[in-house]
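**Student:** whatever this is, show me its structure:
(chains A and B)
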Amino acid sequence: MLIAAFFIAISLLTALLLYLSYSLLFEHHNTNTHIKNLHKDISEHDQAQLQREQRLKQKAYHAEVLRELSERIGYSLDVSKIIEVITGSLGEVLEYSTVSYMIKENNHIIFHSYVANSVNHQFIKEVQDKMLAAFSKMIDSNLEGIYVEEAISGTILDDTVTCQVNSYFNLPLVIEGDILGVITIASPKSNIYNLEKTKILYTITQQAASHYEKLKQVLEVEQRRLNAMVASMADGVIMLDRNLRVIVFNPAAKKILQLPNSSNPTIKDIADSLTGKADLRTKLDEAIRNERAIEQEDIIVHNHAFHLLITPVKDSNNTLIGTAILFRDVTAEKELIQMRDEFTAKVVHELRAPLTTIRGTTDMIVNESKITEEMKKKLLLTMKEDSEHMLKLVGDILDVAKIEAGKFQIEPTLGKLQEEVQKAVDKFTGQAKEKGVSLSAQIDPNTPEVSFDVIRIEQVLNNLISNAIKYTDKGAITVTVRPEANKVVVEIADTGAGLSKEEVKGLFSKFKQFGKGKTGKVKGTGLGLVIAKGIIESHSGKIEASSEGTNKGSVFKFWLPLKQNSINNETDQNIAKGGANQTSINK
Amino acid sequence: MAKILLVEDDVSLAQLYKTALEVDNHEVIVAGDGQDGIAKLTSDKYDLAILDIVLPNTSGLDILKKIRETESIKGMKVIMLTNYGQQENVKDAYDAGADDVFLKYRVTPTEAAEKVRSLVDSVAQ
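**Tutor:** Next up is the predicted model:
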């Protein structure tokens, strides 16, 4: 019996190396003459025809493999999948009984054999042994006795068949210079493989390897991008692999959990740190078992509120590859919601209280026969004041809503701001005098004209000056107007109650101020400064408050820009910047 | 008829209650906040107190507790006033020993005056 065995180790780096390897490693007995004789038997015409068909088949095979590589592999760098694609339609171009591959994974060998024509167990064992020996040689490491994970597919093995390996060749799978595995084609027939035929497989394997390398590079770039993104995320991100090993633990997660072992935490460290807050283990199990995201709201970790999201991560083939745990800090949102709720409750109360009085008053006047005319008049006057206050309240709330929505409109015209300041000071002089406080204006005669909405700026001045009088019991209030670089500055300085640092912070926030204006003779809504800020910012100006502290007086200062474009670009400028208050809200 | 202390920071409502009670021949003294209320309680003698629960400085509930703890006035009739959305206050008020609790938006001053009258009458009997 002729024993033909081909042992080919082909380097995928260059075609030249292929031929060199061939000459060095090609092992066959008695085959060259046989091939020659075989060829002689075929007429030249038939041979040409056959060659044409063979070439077409090879082309079709190459095209099929490349198409499948891009379709089936996607972004997976699974070597066995690539080999399966290569060997899948190999039957079209090569005759064989088994096509097998062997790859090394961690501490064991994966051996997979596809059986095209029925062979016996001994045949497979023989192939496996030959592959192990060849693979050992290729990677220069003794693989004897290593655990082999075996998988056989295709036709059922049949031990009644008498056969042995008479022709075979090995092809190493080289990626980036490393031998990752070996592909072996085997047949009980003798002398059926030659250089030409092995070249078919070699070429496509080389193309697949290059495809794999390119994909790997793309994925590495993506991975680096993803890592950079995850690292810079404000959300805490933890990623686990299928065995619940922590593979990503971003800086935000470190900051959130403050684990003692924050450089290399295990899932146990993480789950333990959340004991009593979230049952992470159960949630992970649930997410993996049901293959869907699990959420938990309002977990408090180190005084911050978090929204927890546990989501299974799958690859392009919908296979679970791990789990992602996300911590989103919702503290600011929670605070904002709470402030909004409180604000709404306050608004309702502020509107309901005068309505209650108004209804009570009408009820008394209608139903109480013993009420005197004088009492009636007094009650009606109070009712009038209450309804006026309600109107003012509704107006202020609407103004604030417009400012927040960016729909607050002003109508600026070029004019003398100092004249408006003087008018406002004159208007309040009497009221200040009643309290024994002096009120005066200091106007720089060089103050140029500026573009402003007369009615709205008057509103701001009235608010600032009346506040100053309200909170000053002795001393003086000085209103200054002066030009500065590209702007006109108005400053209202008093010697009154002053403000703490905390109070200064909340002065322009509707949440902090609403309802605070109730004290004193004239009931305010507390929204005056919030609206003043909206008005000044609609003019592209700025308003700010400062104080040396409680009982040390305070200074309110605003400025309007001088630039011509503040007039020309009215449409851009006269819309209040919605959410301008947000900065103070989120403090 | 009776001397009543009304502690209420809403000036308009205080005026309305005062008028309604005065029409019923009561003498009404008004305090604008919790501390003022306590000061007036200690400096004078009243037959009945009407206390708003939410007050600046000291709350109405605290004043009520103080009344119930003070030997000389612990038996005084006390009516509490509360707002919409603060129903949980009602239970607290009764637990602290209130004789009645008025929801401001529900009870009109004339109805309030009637209830005050029946409370004052029950003491007189």
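
**Student:** tell me the contacts of residue A:173?
**Tutor:** With contacts taken as C-beta atoms under 8 Å, 6 or more residues apart in numbering or on different chains, residue A:173 has the following neighbours: A:12, A:79, A:83, A:101, A:103, A:179-183, A:205, A:209. All C-beta spots, glycine's among them, are computed from the backbone N, C-alpha and C.

**Student:** just the ones of those residues in strands?
**Tutor:** When DSSP state E is applied, the contacts of residue A:173 are split such that A:101, A:103, A:179-183 fall in strands.

**Student:** count the neighbours of the residue lying closest to residue A:511 once chain neighbours are set aside for me.
**Tutor:** Nearest non-adjacent residue to residue A:511, counting by C-beta to C-beta, 6 or more residues apart in numbering or on different chains: residue A:339, 4.2 Å away. Using other C-beta atoms under 10 Å in any protein chain shown, residue A:339 has 16 neighbouring residues.

**Student:** ramachandran coordinates for residue A:339?
**Tutor:** For residue A:339, the backbone dihedrals are phi -60, psi -40 (criterion: degrees, to the nearest 10).

**Student:** phi and psi next, for the residue located most distally from the centre of chain A.
**Tutor:** The C-alpha centroid of chain A is most remote from residue A:370, which lies 71.4 Å away (C-alpha atoms, centre = their mean). Per-residue torsions, residue A:370: phi -80, psi 0 (degrees, to the nearest 10).

**Student:** so what's it up against?
**Tutor:** Here residue A:370 is in contact with B:23-24 (criterion: C-beta under 8 Å, 6+ apart).

**Student:** if you set the cut-off to 6 Å instead, what comes out?
**Tutor:** residue B:23 (C-beta atoms under 6 Å, 6 or more residues apart in numbering or on different chains).

**Student:** what's the closest non-adjacent residue to residue A:61?
**Tutor:** Closest residue to residue A:61 in three dimensions, ignoring its sequence neighbours and counting by C-beta to C-beta, 6+ apart: residue A:93, at 4.7 Å.

**Student:** I'd assumed residue A:59 was in contact with the one you found.
**Tutor:** No: under the criterion of C-beta atoms under 6 Å, residue A:93 is not in contact with residue A:59, lying 9.6 Å apart.

**Student:** and the two? Which one has more around it.
**Tutor:** Set residue A:93 next to residue A:59 and count neighbours by other C-beta under 10 Å: residue A:93 wins out with 19 against 11.

**Student:** and the gap between residue A:154 and residue A:88?
**Tutor:** 11 Å (C-beta to C-beta, to the nearest Å).

**Student:** domain parsing for chain A?
**Tutor:** Each domain of chain A is listed here as a residue range: A:15-218, A:233-329, A:334-401, A:413-585, per automatic domain parsing.

**Student:** could you dump the ones you listed to TSV with distance to residue B:88?
**Tutor:** Shown next, in TSV, are the domains of chain A (distance: least, C-beta to C-beta, whole Å):
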stretch	distance to residue B:88
domain A:15-218	58
domain A:233-329	22
domain A:334-401	14
domain A:413-585	21
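
**Student:** deepest of these, which one?
**Tutor:** When neighbours are counted by mean count of other C-beta atoms under 10 Å in any protein chain shown, the highest per-stretch mean among those falls to domain A:413-585, a mean of 18.

**Student:** helices along chain B, start to end?
**Tutor:** Residue ranges of the helices in chain B, as given by DSSP state H, are B:11-23, B:34-43, B:60-69, B:88-95, B:109-124.

**Student:** and of these, who's closest to residue A:563?
**Tutor:** helix B:11-23 (47.3 Å; C-beta to C-beta).

**Student:** quick one: residues in contact with the closest one.
**Tutor:** With C-beta under 6 Å, 6+ apart as the test, helix B:11-23 has contacts from A:357, A:360-361, A:364, A:368, A:370-371, A:375, A:382, A:386, B:4, B:6, B:8, B:28, B:30, B:109, B:113.

**Student:** now do 8 Å
**Tutor:** With contact meaning C-beta under 8 Å, 6+ apart, helix B:11-23 is reached by A:353-354, A:356-357, A:360-361, A:364, A:368, A:370-371, A:375, A:378-379, A:382-383, A:385-386, B:4, B:6, B:8, B:28, B:30, B:32, B:50, B:104, B:109-110, B:112-113, B:116.

**Student:** related to what we said a few turns ago, how about a markdown table for the domains of chain A, with mean pLDDT added?
**Tutor:** Rendered in a markdown table, the data for the domains of chain A read as follows (pLDDT from 0 to 100):
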| stretch | mean pLDDT |
| --- | --- |
| domain A:15-218 | 78 |
| domain A:233-329 | 89 |
| domain A:334-401 | 89 |
| domain A:413-585 | 84 |
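
**Student:** compare these and give me the one nearest residue B:24.
**Tutor:** Among those, domain A:334-401 sits nearest to residue B:24 (C-beta to C-beta), with 7.9 Å.

**Student:** for the closest one, measure first residue to last.
**Tutor:** The stretch domain A:334-401 measures 21 Å between its terminal residues, going by C-alpha to C-alpha, to the nearest Å.

**Student:** got the residues of chain B near chain A?
**Tutor:** Applying the criterion C-beta under 8 Å from any C-beta of the partner chain, the portion of chain B that neighbours chain A consists of B:10-13, B:15-16, B:19-20, B:22-24, B:83-85, B:104-105, B:108-110.

**Student:** selection in PyMOL covering whichever of those are buried, please.
**Tutor:** Buried members of the residues of chain B next to chain A, defined by 16 or more other C-beta atoms under 10 Å in any protein chain shown, are picked up in PyMOL with:
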select buried, chain B and resi 10+11+12+13+15+16+19+20+22+23+24+83+104+105+108+109+110
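
**Student:** identify the residues contacting the residue positioned nearest the centre of chain A.
**Tutor:** Centrality entry for chain A: nearest residue to the mean C-alpha point is residue A:233, 6.8 Å, by C-alpha atoms, centre = their mean. Applying C-beta under 8 Å, 6+ apart, we find residue A:233 in contact with A:250, A:252.

**Student:** so how far is residue A:262 from it?
**Tutor:** Residue A:233 sits 16 Å away from residue A:262 when distances are taken as C-beta to C-beta.

**Student:** spit out the contact partners of the residue nearest to the spatial centre of chain B.
**Tutor:** With distances taken as C-alpha atoms, centre = their mean, the residue of chain B nearest its centroid is residue B:50 (0.7 Å). With C-beta under 8 Å, 6+ apart as the criterion, the residues that contact residue B:50 are B:4-8, B:17, B:78-81, B:116.

**Student:** could you find the closest non-adjacent residue to residue A:197?
**Tutor:** Ranked by C-beta to C-beta, 6+ apart and with sequence neighbours excluded, the top spatial neighbour of residue A:197 is residue A:94, at 5.8 Å.

**Student:** over to the one you found. Which of the three states is it?
**Tutor:** Three-state secondary structure (criterion: DSSP: H, G, I helix; E, B strand; the rest coil) places residue A:94 in coil.
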